[in-house]
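Build me a model:
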Amino acid sequence: MSSKICLVSNTSWSFLRFRTDVIKSLVNAGHEVLLLAPRDEHTERLKELGARIIILEWLSRKGLNPITDLMLYREFMRIYSEERPDLVFQYTIKPNIYSTLAARRFRIPTIAVITGLGYAFINKGVVTFLARQLYRLALRNARSVWFLNQDDFQFFVTHRLVDKKKARQIPGEGINCHDTFNPQLVAAANVDTSTVTFLFIGRLLYDKGIAEYVAAARQIKKDYPHAVFWIMGYLNVDNPTAVQQAQLDEWVSAGTVTYLGALDDVRPTIASCDCVVLPSYREGMSTTLQESASMAKPLIASDITGCKELVEEGMNGFLSGVGDVESLVACMTRMLLLTPAERKAMGGIGREKMIKEYSVDRVIAIYQETIATVEQKTIK
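Prediction:
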């Protein structure tokens, strides 16, 4: 049986970055797939996935503006009135709130996916209070609420934002370990075997630990001047903790790091480095670390939710204290002192972990199972 399945997110980019394989699997299964997101530079590429695109004009990622959010709710109401999807999957805070509330009016079942707590939850204040209240109201009407890690699951249940019976943890967004993030399919470029190259991948946000990464690089270069530190990711991000161009230029001109820009295909760069580093303050479930581990690279990450699940200390990488430069320096130094064979063995352990625990096939099976359950209830 084929259904009309709707997926909602706060950016077109996120569909391509995190859910390409899921979307293709739904299309290939014969479902009519609708993708709802604001227009950005990646919107046109979504058409290549075989889905139909509906542009959200009123989804603003910043703050809680009651007028803008009311217009977003009305926009969802109009779309669901016209389209009448059989099931809606939604990601990030505003779709999870306003899409759920709108779909309820038409008795359309929704799955809310909590991809992380984000800036509004990490920082205290009125916005955090309002976000929690709106989540509590909206998630009462969701059919199920999915979490990418156990800590977020427990947070929502403990604070009574969601009924535990509705909550479910899934293994991240899913990584294509065989056809995409497979080191046997990607040729490394610019490999220098005379040194050790560290790579930071992510949006250039202070919340991602970029300042700690640079500070650690500065210290390590005093003792290991041939060590290389790369940064790859988007600059000038619309986020309160974004790094500014002037600051990045200062880091680069000092010779501490090399900025590679934002690349559509991260695999050749991952293949060319020796270790991927993410000293983040908070993650839902780090896709960057999953992809890098699947590419058989050892990891260094903060001992936090969304990272610690992916790193087995001393096996496929090392865990550092969050916001702790000295701890990060110690982890990087340990990685530097390993032999190439030892780093390769670490990477191999990480790849096996991704295949076993975080493969996209497992995630696709959960989507298929959920859709089949809704279809069966519709028939009855």
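
Check which element follows the worst-scoring helix or strand of the chain on mean pLDDT along the chain.
Least confident helix or strand, the chain: helix 118-122 with a mean of 62, by mean pLDDT, DSSP states H and E. Downstream of helix 118-122, the first helix or strand assigned by DSSP states H and E is helix 126-139.

Identify each buried residue in that next one, please.
Neighbour counts over helix 126-139 (16 or more other CB atoms under 10 Å) mark Ala131, Arg132, Leu134, Tyr135, Ala138, Leu139 as buried. Quick note: C-beta positions are derived from backbone N, CA and C, even for glycine.

which SS state does the nearest residue to Glu291 once chain neighbours are set aside fall under?
Leaving aside its chain neighbours, Glu291 sits nearest to Phe181 (4.9 Å; criterion: CB to CB, 6 or more residues apart in numbering). Under DSSP: H, G, I helix; E, B strand; the rest coil, the three-state class of Phe181 is coil.

cool, and Leu36?
Relying on three-state DSSP, one would call Leu36 strand.

For it, name its beta-bridge partners.
Leu36 has these beta-bridge partners by DSSP bridges: Val8, Ile54.

Gly233 against Ala262, yeah?
Yes: contact criterion CB atoms under 8 Å: Gly233 and Ala262 qualify, at 5.8 Å.

So which of the two has more stuff around it?
Gly233 (21 against 14; other CB atoms under 10 Å).

where does the more buried one land on pLDDT?
What the model reports for Gly233 is a pLDDT of 94.

what about the spatially closest residue to it that is not a sequence neighbour, how many neighbours?
In space, Gly233 comes closest to Gly202 once its chain neighbours are excluded; the distance is 4.8 Å by CB to CB, 6+ apart. Gly202 is flanked by 24 other residues according to other CB under 10 Å.

Gly202 touches Lys208, doesn't it?
Yes: Gly202 lies in contact with Lys208 (CB under 8 Å); the separation is 4.5 Å.

list residues touching both of these two?
Leu278, Ser280 (CB atoms under 8 Å, 6 or more residues apart in numbering).

now the residue nearest to Gly233: how far from Phe18?
Distance check for Gly202 against Phe18: by CB to CB, to the nearest Å, it reads 13 Å.

before we move on, what about Ser194?
36 Å.

okay, those two: which has more neighbours?
Ranked by neighbour count (other CB under 10 Å), Ser194 and Phe18 place Phe18 first, with 18 against 5.

Need the three-state assignment for the spatially closest residue to that one that is not a sequence neighbour.
Excluding the flanking residues, the one nearest Phe18 by CB to CB, 6+ apart is Glu173, at 4.4 Å. At Glu173 the chain is in coil, as set by three-state DSSP.

swap in the one 4 residues further on?
Three-state secondary structure (criterion: three-state DSSP) places Cys177 in coil.

got any ranges where the stretch 101-250 of the chain has weak pLDDT?
118-124, 189-192 (pLDDT under 70).

all helices for it, in order.
Assigned helices in the stretch 101-250 of the chain, in chain order: 118-122, 126-139, 150-158, 210-223, 245-253 (criterion: DSSP state H, counting those that start in this stretch).

what separates Val311 from Ala246, distance-wise?
As judged by CB to CB, Val311 and Ala246 stand 33 Å apart.

what's the domain layout of the chain?
Annotated domains of the chain cover 4-174+359-379, 183-357 [automatic domain parsing].

thinking again about what came up before, compare Val311 and Ala246 (neighbour count), which wins?
Higher neighbour count among Val311 and Ala246: Val311, with 25 against 7, using other CB under 10 Å.

nearest residue to that one other than its sequence neighbours?
Sequence neighbours aside, Gly317 is the residue nearest to Val311 in space, at 4.4 Å (criterion: CB to CB, 6+ apart).

residues in contact with that neighbour?
Cys275, Ala293, Pro298, Leu299, Ile300, Ala301, Val311, Met346, Gly350.

now for those, which pair is the farthest apart?
Farthest apart among those by CB to CB are Ala301 and Met346. That separation is 13.1 Å.

Same drill for the two, tell me which one is more crowded.
Using other CB under 10 Å as the criterion, Ala301 and Met346 rank with Ala301 on top: 29 against 24.

for that one, phi and psi?
Backbone geometry at Ala301, expressed as degrees, to the nearest 10, gives phi -150, psi 160.

I'd assumed Glu313 was in contact with it.
No: contact criterion CB under 8 Å: Ala301 and Glu313 do not qualify, at 10.4 Å.

what is in contact with the two at once?
Counting by CB under 8 Å, 6+ apart, the residues touching both Ala301 and Glu313 are Leu319.

What number of residues are in the vicinity of the closest residue to Thr92 other than its chain neighbours?
Closest residue to Thr92 apart from its sequence neighbours, by CB to CB, 6+ apart: Asn10 at 4.4 Å. Residues within reach of Asn10, counting by other CB under 10 Å, total 21.

hang on, the earlier thing: phi, psi of the residue nearest to Phe18?
Per-residue torsions, Glu173: phi -80, psi -20 (degrees, to the nearest 10).

Thought Thr287 was touching it, still the case?
Yes: using CB under 8 Å, Glu173 is in contact with Thr287, at 6.0 Å.

Residues that sit against both of the two, list them.
Taking CB under 8 Å, 6+ apart as the contact rule, the neighbours common to Glu173 and Thr287 are Phe18.

before we move on, back to that, with distance to Lys356 as new columns, can the helices of the stretch 101-250 of the chain be given to me in CSV?
Shown next, in CSV, are the helices of the stretch 101-250 of the chain (distance: least, CB to CB, whole Å):
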stretch, distance to Lys356
helix 118-122, 29
helix 126-139, 31
helix 150-158, 18
helix 210-223, 29
helix 245-253, 37
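
okay, these, which one's buried deepest?
Burial of the helices of the stretch 101-250 of the chain is given as mean neighbour count (mean count of other CB atoms under 10 Å); helix 210-223 ranks first at a mean of 20.
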